[in-house]
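Chemist: quick check, what structure comes out for this input:
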Amino acid sequence: MQIRLEKFDHIEGHHRYCVLRLSQTLFGEWCLEQAKGPIGAAGGQLRRGYFLNHAEASQSFDLLRDQAIRRGFVPIPVQLGLL
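Modeler: Numbering: from 1, shown residues only. All right, here's what the predicted structure looks like:
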């Protein structure tokens, strides 16, 4: 599961992104990755959290997504490339 969120503030010139990705590791754990930073500039950060079951990981994913939306981020549809 993956979602991309972006926030544009045209007055102050701040353009930011946040990508949340939930995937299962080879060892059966669930990994929640959060990548965020400015669009078109250097910098940013990547955070990973590991969970033993899918329910906890999914709950944390929903919590981070809702927090980002409350801070003004908007979900952006991501189109997958053709193989």
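Chemist: in the helix or strand where residue 64 lies, what counts as buried?
Modeler: Here residue 64, judged by DSSP states H and E, is contained in helix 54-70. Going by neighbour count (16 or more other C-beta atoms under 10 Å), the buried part of helix 54-70 is 57, 60-61, 64-65, 68. In this view, the C-beta of every residue, glycine as well, is placed from N, C-alpha and C.
Chemist: and the next helix or strand past it?
Modeler: strand 74-76.
Chemist: adjacent strands (with direction) for that following strand?
Modeler: strand 2-9 (antiparallel) (DSSP bridges).
Chemist: for the longest strand seen in the chain, list every residue counted as buried.
Modeler: Using DSSP state E to assign secondary structure, the strand with the most residues in the chain is strand 14-24. Of all the residues in strand 14-24, those buried under the rule 16+ other C-beta under 10 Å are 16-20, 22.
Chemist: neighbouring contacts of that strand?
Modeler: Under the criterion C-beta atoms under 8 Å, 6 or more residues apart in numbering, residues 1-9, 30-40, 54, 57-58, 61, 64-65, 68, 73 lie in contact with strand 14-24.
Chemist: can you rerun that using 6 Å?
Modeler: 1-8, 30-36, 38-39, 57, 61, 64-65, 68, 73 (C-beta atoms under 6 Å, 6 or more residues apart in numbering).
Chemist: same check on stretch 25-33?
Modeler: Outside stretch 25-33, the residues touching it (C-beta under 6 Å, 6+ apart) are 21-24, 48-51, 54, 57, 60-61.
Chemist: how about 8 Å then?
Modeler: With C-beta under 8 Å, 6+ apart, stretch 25-33 has contacts from 19-24, 46-54, 56-57, 60-61, 64.
Chemist: chain center to that stretch, what's the gap?
Modeler: 16 Å (C-alpha atoms, centre = their mean, to the nearest Å).
Chemist: measure that stretch end to end?
Modeler: Length of stretch 25-33, first residue to last, C-alpha to C-alpha, to the nearest Å: 12 Å.
Chemist: now do stretch 22-41
Modeler: End-to-end for stretch 22-41, by C-alpha to C-alpha: 25 Å.
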